[in-house]
Structures are given as C-alpha cells and as structure tokens.
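*Asks:* sequence? don't have it. structure:
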C-alpha cells in the first residue's frame, strides 16, 4: 500500500472503454513500500449550479452542497468513490489524489439563494465529500460557503471527520445563536492504528472528540455519526463509540452500516485481504447476511441499516447504548427558516434600493 493513501489501485471505472491487465514480464518491480505516494492534484471548476436536490426517502435532507469532487481523506470504504466514474477517473487512487475544486461555489450559492422562487430549507455540507478535507486549508471553499449562509441567516448542517472545522468556529457560533446550524462528527473507531489504515488522512479519534467538545463549548448543536459500522471489524466498538461521544457532549447519535456500492466492493475486499486477512471472509459473510445474500443492497430502507437477525441485533445494541447515555432521539426544535435574508442581486438596479 502507498503511505498516506487508502488504496494503490487505479481500478477502471464502470464507464471506461479501456482495460489494462498486469503481466509479469520478468523485470523486477518496486516493492510497494518503496513506491512514493502520488501528490494530490487539484483541478479548478466553474460550477454551473451548486445546490443539489435530494429525493431519497432515507436521508433527512432535501438540499446539499459538495465543495469538492473526490476526497483526500482516502477512506477505503467511502460510498462516494464510484462518483469519480462520471468524470472518467478511477474510483480507486484517483478519487483521493485527483480532486476538483469548485472555486465559484460561493458566487453560485448567492445567485441561487437570490432567485425569486427559492424556498429556504436547510442545506447540508458534506454528503459526497468531506467539506474539511486537507485541501480546504488552502482553497477555503467551505469557509466561503459558510460566509454566504451566515450573512443570509440560512440554516446549514455539516458532516465531517476533519479537525479543520474548528477554524470556522466564529461563523458556526454566529449561526448557532439563531438556531441555524448543526454538526455531525463522524466516528469510525477509537483504535488509532485501525483508523490510519481505514481513513489515512482523516483526523484521529482523539481529535474528533476534541472537536465535539469545542463545538459544544461554543453552543453549536453537535451529534455523532457512527459510520460506517463494519461487521467483525468495528462493530464491537459500537457501545464504546457512543459512550465516548456522549462524554464529549453530543446531543444525538446515529449509525450507518458499511455500504459497498459498485467499485467500492473490490477495493474494500482487497483492503481486507491485506489488513485483516483472518477476518475477511467473516466480514463479508455478515454483510451478505445483512443484505439478502449480496455484499450490498441499494434499496431504500435497507442500504443504511441492512436487515435480518444480525442487523436487528446491531439496532438493538445501538438503541440500548443511546438509552444508557441519555441520547435517545428527541424531536428537537426545527431549524429557524424565518430569519432568512436573500442576497441582493448584484445588478445596476441594486443602487435604487437603500441598504
């Protein structure tokens, strides 16, 4: 494996017309440990639109924004890897090394919020790519989006496993004063070694717990997303993760079972063979039990939690852990949508109206 990367495989995407096969020609190959990890390459893009509308019945939001394409965190299990196929890149190594930056994201957001027919409802940042992956330190696209939302008093939710979110505490605190923000911090494992193998460039477990504490100290509503739960690998940590999150101050918690759509399955199975060979078949067997005999079931209602005896037991364990720590889901106060102030279009007529 390449140091600091989730995979060294550039597997072909499902739309590719080219196929390559490795052949031993007798010449010596570099040992994997001697190969240098490829640099991250960022390509800029002028997005034509920025808000994505969601119609999936099993996710609790209708609008989302992804500041980037691809994610430098390199999580081997990432369900979003297959999306790189749409731009003719590999869901493997390309997904974490060849990234797209939407440099005009804030400009497009202002334009879309200013449309006469726009209806204010929460926007989620971080659904298909982490808004606080390492390249955000340089490009600051997430920061620019939050600045627009904070100025317009528009509700927003963020999902992240990056410690960089603390840079934006000023904006998050301002939004929190009007019930305009919530954050879900993703937790996978408390084992730092396992975390490094699964999520090479994401924040450490300790850093994520510190992020939760810092957000709660500033009054930002914060929860934990135990995701993904990997059978026979991380599921034994479920109760410990809930306990640690509760100790850090979260107000709610959720979980998602490991998802292996399309090209993610062969990538993850190869990872298992290298990092957990003794458990590989057990992991896949339990996943198949949870998905009706397949490694993954994309049907709404099942893809997030699975079904069957093992999945039911996992659900029961999670609910019991929530009760133990006082985190049973409550019907909280809905986001404030009444404070929304649409941006004033940047046109010559703008000067006709007093500020």
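*Replies:* Alright, I've got the coordinates. Keep in mind that this is a model prediction, so the values were computed, not measured.
*Asks:* from here on, just use CA atoms for contacts and neighbour counts.
*Replies:* Fine.
*Asks:* how long is stretch 132-142 from one end to the other?
*Replies:* Using Cα to Cα, to the nearest Å, the end-to-end distance of stretch 132-142 comes out at 7 Å.
*Asks:* what do you get for stretch 117-130?
*Replies:* With Cα to Cα as the measure, stretch 117-130 spans 29 Å from end to end.
*Asks:* next one: stretch 322-336
*Replies:* Here the two ends of stretch 322-336 are set 27 Å apart, with distance taken as Cα to Cα.
*Asks:* show me which positions of it end up buried.
*Replies:* Neighbour-count burial for stretch 322-336, counted by 16 or more other Cα atoms under 10 Å, picks out 322, 327-328, 335-336.
*Asks:* got a markdown table for those, with distance to residue 244 and pLDDT too?
*Replies:* Output for the buried residues of stretch 322-336, formatted as a markdown table (distance: Cα to Cα, whole Å; pLDDT from 0 to 100):
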| residue | distance to residue 244 | pLDDT |
| --- | --- | --- |
| 322 | 12 | 97 |
| 327 | 12 | 94 |
| 328 | 15 | 81 |
| 335 | 27 | 95 |
| 336 | 30 | 95 |
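*Asks:* most widely separated two among those residues?
*Replies:* For the buried residues of stretch 322-336, the maximum inter-member distance is 26.5 Å, found between 322 and 336 (Cα to Cα).
*Asks:* quick one, phi psi at the closest residue to residue 275 other than its chain neighbours?
*Replies:* Nearest non-adjacent residue to residue 275, counting by Cα to Cα, 6 or more residues apart in numbering: residue 197, 7.8 Å away. Backbone geometry at residue 197, expressed as degrees, to the nearest 10, gives phi -70, psi -40.
*Asks:* how about residue 310?
*Replies:* Main-chain torsions, residue 310, degrees, to the nearest 10: phi -70, psi -40.
*Asks:* now for it: which residues touch it?
*Replies:* Listed by Cα atoms under 8 Å, 6 or more residues apart in numbering, the contact set of residue 310 reads 286, 289-290.
*Asks:* just the buried ones from these, in ChimeraX syntax?
*Replies:* Typed into ChimeraX, the next command selects the buried ones out of the contacts of residue 310 (criterion: 16+ other Cα under 10 Å):
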select :286,289,290
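*Asks:* and the contacts of residue 310 as TSV, adding secondary structure?
*Replies:* Below are these laid out as TSV (DSSP: H, G, I helix; E, B strand; the rest coil):
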residue	secondary structure
286	helix
289	helix
290	helix
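*Asks:* circling back: from residue 74, how far out is the residue nearest to residue 275?
*Replies:* Residue 197 is 10 Å from residue 74, by Cα to Cα.
*Asks:* compare these two and say which is more crowded by neighbours.
*Replies:* residue 74 (27 against 20; other Cα atoms under 10 Å).
*Asks:* now do the same for the closest residue to the more buried one other than its chain neighbours: its pLDDT.
*Replies:* What sits nearest to residue 74 in space, not counting adjacent residues and going by Cα to Cα, 6+ apart, is residue 6, at 4.7 Å. At residue 6, the model reports a pLDDT of 92.
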